[in-house]
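Trainee: generate a structure from the sequence data that follows.
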Amino acid sequence: MKLSEIARKLGCTVEGPQDTEITGVAGIDHAKPGYVTFLANRRYFPLLKTTHASAVLLQAGITLERAPGAPPISALRSENPYLDFARAIEFFYQPPAYAPGIHSTAVIAKSAQVGAGAHIGPYCFVGENAQIGRKAVLHSFVTVYRGAKIGADFFAHAHAVVREFCVIGDRVILQNGVVIGGDGLGFAKRKDGSWYKMAQSGVAVLEDDVEVQANACVDRATVGETRIGRGSKLDDLVLVGHASKVGSNAMLCGQVGLAGSTQIGQGAILAGQVGTAGHLSVGDHAVVTAQSGIPNDVPARAMYSGYPAVENRQWLKSVAALNRLPELQKRVWELEEEIEKIKARKS
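Mentor: Next comes the predicted model:
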């Protein structure tokens with residue numbers, strides 16, 4: 001594919017040769033001649049001088065400088081290089097297609113409804129009164145409990161589970177080992193200290209265009225529902241506790257844990273290993289940085305860090321002070337010694 005054709009499809013302008021033959025895409029440090037790469041993070045600026053790519057997606061205003069002796073490359077000027085790189089991948093990679101049909105080893109209840117064009121792979125199970133939408137793909141060893149309702153263009157990778165009566169919208173993707181609608185941690189303590197299991201009578205609901213990545217869990221509610229809003233993305237090993245609500249287009253990164261009844265606003269981002277206490281809210285478009293613990297509400301459009309999580313600038317100041325503690329401690333000891341010497345002279 002010519003570079004000029006890629007530029008046309010992406011809506012970019014080309015600076016440099018336009019008739020270069022492009023055969024693939026790669027990161028800036030691994031790209032070869034004939035490849036398109038991108039630059040979106042300033043820490044990779046030095047690699048612009050040495051990359052072997054034939055073209056690079058760049059924002060306007062960034063100078064494309066090359067090291068002495070390095071071959072010239074073309075610049076594809078883009079408003080969003082990372083997004084356009086994601087689109088360019090699709091020009092060269094097509095995921096496997098799955099033919100409609102039900103594998104002979106799959107077990108489908110007589111009362112289940114399977115939409116037109118669906119693919120039900122080896123050893124899948126679909127329970128009583130479950131509904132599977134048109135062109136859905138259940139890869140292999142996928143389990144759909146009774147009464148679950150799943151929309152069109154659903155894709156469940158091997159060993160994903162959708163529990164009873166849960167509701168899943170269109171174009172939802174479940175990666176390997178995902179469990180939707182497992183029991184929440186609902187137990188009432190008896191006088192003798194033992195735990196009484198509360199029936200988890202609610203459901204989990206995933207709206208359209210949600211993706212849940214490997215081994216993540218969205219628990220069902222004790223009563224009511226747990227809901228993941230349209231377009232939200234849950235990374236590997238995320239846990240969404242019972243009766244939590246995640247707004248549209250939110251992102252929960254790896255090992256995030258939401259305690260029960262947490263409210264996450266639309267467009268919010270929780271970086272890796274963030275944990276929340278229950279019954280609190282994180283506002284729309286808020287960002288919580290990695291390994292933070294959230295004991296209280298986070299305002300909309302705020303950036304919070306640390307434990308207990310506080311506004312990011314305050315946390316940076318606290319960390320800076322913490323790094324000086326050994327120096328400050330030594331200074332305190334020196335001052336104490338001076339005071340003792342003064343007291344000794346006076347006595």
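Trainee: show me where the stretch 201-347 of the chain has helices.
Mentor: Secondary structure of the stretch 201-347 of the chain by DSSP state H, counting those that start in this stretch: the helices cover 312-323, 325-346.
Trainee: deepest-packed of the ones you listed, please.
Mentor: With neighbours defined as mean count of other Cβ atoms under 10 Å, the helices of the stretch 201-347 of the chain peak in mean count at helix 312-323, which reaches a mean of 12. (Glycine included, C-beta is placed from N, CA and C.)
Trainee: in the chain, where is pLDDT below threshold?
Mentor: For the chain, no stretch has pLDDT under 70.
Trainee: need phi/psi at residue 8.
Mentor: When quoted as degrees, to the nearest 10, the phi and psi of residue 8 stand at phi -60, psi -40.
Trainee: just give me the neighbour total for it.
Mentor: Number of residues near residue 8 (other Cβ atoms under 10 Å) recorded here: 12.
Trainee: measure it to residue 24 for me?
Mentor: According to Cβ to Cβ, to the nearest Å, residue 8 stands 18 Å off from residue 24.
Trainee: which strands and helices sit next to the helix or strand that contains residue 87?
Mentor: In this assignment (DSSP states H and E), residue 87 forms part of helix 81-92. Counting contacts by 3 or more Cβ pairs under 8 Å, 6 or more residues apart in numbering; DSSP states H and E, helix 81-92 packs against helix 3-10, strand 24-25, strand 35-38, strand 55-58.
Trainee: next, format these as TSV and append distance to residue 285.
Mentor: Output for the helices and strands packed on helix 81-92, formatted as TSV (distance: least, Cβ to Cβ, whole Å):
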stretch	distance to residue 285
helix 3-10	27
strand 24-25	30
strand 35-38	25
strand 55-58	26
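Trainee: so which of those is nearest residue 270?
Mentor: Closest to residue 270 of the helices and strands packed on helix 81-92, according to Cβ to Cβ: strand 35-38, at 25.6 Å.
Trainee: wait, residue 107 sits on residue 125?
Mentor: Yes: applying Cβ atoms under 8 Å, one finds residue 107 in contact with residue 125, separated by 4.9 Å.
Trainee: those two: who's more crowded?
Mentor: Neighbours were counted for residue 107 and for residue 125 using other Cβ under 10 Å; residue 125 has more, 18 against 13.
Trainee: sorry, back to before: packing partners for the helix or strand following the helix holding residue 87?
Mentor: Following helix 81-92 in sequence order, the next helix or strand is strand 101-102 (DSSP H and E). The helices and strands touching strand 101-102, judged by 3+ Cβ pairs under 8 Å, 6+ apart, are strand 119-120.
Trainee: show the subsequent helix or strand relative to the strand it packs on.
Mentor: strand 125-126.
Trainee: got the contact list for that next one?
Mentor: 106, 107, 108, 109, 112, 114, 120, 132, 138, 142, 143, 144 (Cβ atoms under 8 Å, 6 or more residues apart in numbering).
Trainee: rewinding a little: and the helix holding residue 87, what's buried?
Mentor: By neighbour count on 16 or more other Cβ atoms under 10 Å, the buried set for helix 81-92 is 81, 84, 85, 87, 88, 91.
Trainee: next one: it to chain centre, how far?
Mentor: Offset of helix 81-92 from its chain centre (Cα atoms, centre = their mean, to the nearest Å): 18 Å.
Trainee: swap in stretch 118-136?
Mentor: How far stretch 118-136 lies from its chain's middle: 26 Å, per Cα atoms, centre = their mean.
Trainee: mind checking how far the residue nearest to residue 221 when sequence neighbours are not counted is from residue 223?
Mentor: Take residue 221 and drop its neighbours on the chain: the residue closest to it by Cβ to Cβ, 6 or more residues apart in numbering is residue 202, 2.8 Å away. With distances taken as Cβ to Cβ, residue 202 is found 5 Å from residue 223.
Trainee: common neighbours of these two, please.
Mentor: residue 243.
Trainee: more neighbours: the two, which one.
Mentor: Neighbour count, other Cβ under 10 Å: between residue 202 and residue 223, residue 202 has more, with 21 against 12.
Trainee: ok, now which ones touch that one?
Mentor: The contact partners of residue 202, by Cβ under 8 Å, 6+ apart, come to 220, 221, 222, 223, 224, 225, 226, 242, 243.
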